[in-house]
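>>> Have a look; sequence and predicted model below, questions after that.
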Amino acid sequence: MLRLGTRSQSLVRGRPAHFSGFKQPRLRVRAMATAAVAADTSKRDLAPYIPFLCLLCLVSAAKAMQQQHGHSMLDGQQQCTTAASDRCNTLDTASAYDDLAAKLRELDALNGISGLLGWDELVMMPEGAVGSRGAQKSALAGVLYDKRTDQQLGQLLKQLKDATAELDPVQAAVVRDAYRSYVRETAIPKELAQRIAKLETDAYVTWVAARKASDFSQFAPYLQQWVDVNKQKAAAIDPAKPAYDVLLDDYEKGMTAARLDEIFAEVRKGLVPLIAELRSKGTPPNDEWLKGTFDIDKQAALCKEVALELGFNTDTGRLDVSVHPFTGGAHPTDVRMTTRFKEHDLTEGLTGAIHETGHALYEQGRNLDKDWEGLPVNSALSMGIHESQSLFWERMVALSKPFAAWLLPRIMQHFPDFPERSASDFFEALNVIKSPSLIRVEADEVTYPMHIILRYEIERGLMDGSIKVSDVPAVWNAKMKEYLGTAPENDAQGCLQDVHWSAGPFGYFPTYSLGAMYACQIYEYAKQQLPELEQQIQQGNFKPLREWLNENIHRKGSLYPSGDELMQAVTGSALKPQTFLAYLRSKYGQLYKLN
């Protein structure tokens, strides 16, 4: 999960305003963090958002502060002085950009503080400090809100947006993303902001009770309110665009529902029959021998060793244990990563640690050149791209046969009683497809995309009116049967299993599978650029791959306006779902002996 921290200027991996500069919409931090634990959501679930988590709390606090003072930015309470306004109007482009950069870097530093507060709250803070931490977050949220919606900031952005031709590509990207964030930040009227703040709490509490009772009807009125609120929010931000496009842009910049329809239609067409074929004709690998009891301290030592070998730098980061794994911090030189372990499941701790290491490598690898540091262009491009880096290491590398050959001897060193099996046996056992696949956070890489597509289609239907809230359970169950060949026995296993809809982040779910597809396409291209890649992985030489990713993905930040354009620049084409499908068919066709 990405926790957020640093800089997020706006927010970002749900990214939380997460550290890195992520700038994405805030998912109500406190609710999401608490919900994640309550729902036992997997690390992969909110990871992109943990940085977010902190931000979320700040956002809710900012909204509360706005209500307390009875005004919003749109009420005109925050005004430049006459002298400041005159200065805004008379600055040349270079001076205006310098002023803008100074303001944005100050915001980045403040977001770094919020990231540290959030990390400390989940990892180190004593229980008795809850009240004082809440007051600290509230105070900081007010400062951040005022600075993010400052009228002089808006005037500088307007001036520079009109002078884009005079800016270099990095400066233009800074202005583009800062302007986008400012518009979204200041577009929501006070009444709607107040309604959202209250709904976040009410909907979450109701979702917890409804899930416990396995009764969707209890939660339905609140989901309807989120549909209504999201429509109003989208119309306030950009009435000219389809509502779902506006919401989606919170999490995946530059993505549209039309483009998602194109991508997901291709995935659905290829995956549904593949899943059915693997189950009806395939021979599942044996993974029973992986079961056992594994000392927690030894697991922690093993995972730390793996993270360090992959390249996690403890001079600019630290590794701890938390209830819910996440990556956050304050700056690329201060990245905080956490993991968790289960005594009877060695693989969850390993894959979770590798997943978070992928997030951490992205954060530690961000561009610190003077023209980039502390600015929006240096933040992660989107939640999908950030997720691509965690899934790149977790799935494309760690679930590969070369990595299994490297990892198995290290497991044996830490657990001498571990079964003596071949690297091929180990690789096969790590890649068993879940059957049935009912719960998203427990799904494998083959069935997981269909869980996401199902949720996306329901969100789209709710927003365009083709699906009624009252019909969600029936639609959910029908799509589960059609796509995954199974249906939940109750609402808790079905449409109430995720915490997300209680916080209203329509458009967030698609980023999970976009991340997997980005990762696959990047990996396939990396193999072309690094001909000895798989041999290097088997030898434990991860430096060439890490440096390639750093140069081509991490340091590029948000220079490009969308994931498609980043993919075009790095791999030569926009996102191609066919690459992802070919990878799955080849890998699992062999594993399940379909050929």
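Thanks, I have it.
>>> Could you use CA atoms for every contact and neighbour count after this?
Fine.
>>> For residue 473, grab the count of nearby residues.
For residue 473, the tally of surrounding residues (other C-alpha atoms under 10 Å) stands at 19.
>>> quick one, what contacts the closest residue to it other than its chain neighbours?
Computed as C-alpha to C-alpha, 6 or more residues apart in numbering, the closest residue to residue 473 that is not its neighbour in sequence is residue 495, at 6.0 Å. With contact taken as C-alpha atoms under 8 Å, 6 or more residues apart in numbering, residue 495 is in contact with 216, 472, 473, 476.
>>> Any quick PyMOL command for the buried ones out of those residues?
Paste this into PyMOL to select the buried members of those, with burial taken from 16 or more other C-alpha atoms under 10 Å:
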select buried, resi 216+472+473+476
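>>> how near is the spatially closest residue to residue 164 that is not a sequence neighbour to residue 553?
Closest residue to residue 164 apart from its sequence neighbours, by C-alpha to C-alpha, 6+ apart: residue 172 at 6.0 Å. Separation of residue 172 from residue 553 (C-alpha to C-alpha, to the nearest Å): 19 Å.
>>> Name the residue in the two with the higher neighbour count.
residue 553 (24 against 20).
>>> Angles on the backbone of that one, please.
phi -120, psi -60 (degrees, to the nearest 10).
>>> re earlier: where does the residue nearest to residue 473 fall, secondary structure wise?
Following DSSP states H and E, one finds residue 495 outside all helices and strands.
>>> so how far is residue 98 from the residue nearest to residue 164?
In terms of C-alpha to C-alpha, residue 172 sits 13 Å off from residue 98.
>>> Return every residue with contacts to both of these two.
With C-alpha under 8 Å, 6+ apart, residue 172 and residue 98 have no common neighbours.
>>> Could you measure from residue 591 over to residue 579?
18 Å.
>>> Comparing the two, which residue is more hemmed in?
Between residue 591 and residue 579, counting by other C-alpha under 10 Å, residue 591 is the more crowded of the two (20 against 15).
>>> check contacts around that one.
Counting by C-alpha under 8 Å, 6+ apart, the residues that residue 591 touches are 283, 284, 285, 428.
>>> Of the residues you listed, which is the nearest to residue 456?
Checking those against residue 456 by C-alpha to C-alpha gives residue 284 as the nearest, at 29.4 Å.
>>> The closest one is in contact with residue 592, isn't it?
Yes. Assessed by C-alpha atoms under 8 Å, residue 284 is found in contact with residue 592 at 5.5 Å.
>>> What segments of the stretch 251-400 of the chain are helices?
257-281, 296-310, 346-364, 383-391 (DSSP state H, counting those that start in this stretch).
>>> next one: the following helix or strand past the shortest one to chain centre, how far?
It refers to helix 383-391. Next helix or strand after helix 383-391 toward the C-terminus (DSSP H and E): helix 401-414. Between the centre of helix 401-414 and the centre of its chain there are 29 Å (C-alpha atoms, centre = their mean, to the nearest Å).
>>> Identify all contacting residues around helix 401-414.
298-299, 302, 397-398, 418, 423-424, 426-427, 534-535, 537-540.
>>> so which of those would you say is closest to residue 439?
Nearest member of these to residue 439, counting by C-alpha to C-alpha, is residue 398, at 22.3 Å.
>>> Local confidence estimate at that closest one?
We have a pLDDT of 98 for residue 398.
>>> Likewise for residue 16?
Residue 16 is given a pLDDT of 33.
>>> Show me what the lengthiest helix in the chain packs onto, helices and strands only.
In the chain, with assignment by DSSP state H, the single longest helix is helix 93-123. Under the contact criterion of 3 or more C-alpha pairs under 8 Å, 6 or more residues apart in numbering; DSSP states H and E, helix 93-123 touches helix 50-69, helix 130-148, helix 151-161, strand 327-331.
>>> rewinding a little: let's see if you can find the most crowded of the contacts of residue 591.
residue 428 (22 neighbours).
>>> how about the nearest residue to that residue, chain neighbours excluded?
residue 285 (5.8 Å).
>>> do residue 525 as well
Nearest to residue 525 is residue 571, by C-alpha to C-alpha, 6+ apart, at 5.9 Å.
>>> so who does that neighbour touch?
521, 522, 525.
>>> would you list the residues you listed in JSON lines and tack on secondary structure?
Shown next, in JSON lines, are these (DSSP: H, G, I helix; E, B strand; the rest coil):
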{"residue": "521", "secondary structure": "helix"}
{"residue": "522", "secondary structure": "helix"}
{"residue": "525", "secondary structure": "helix"}
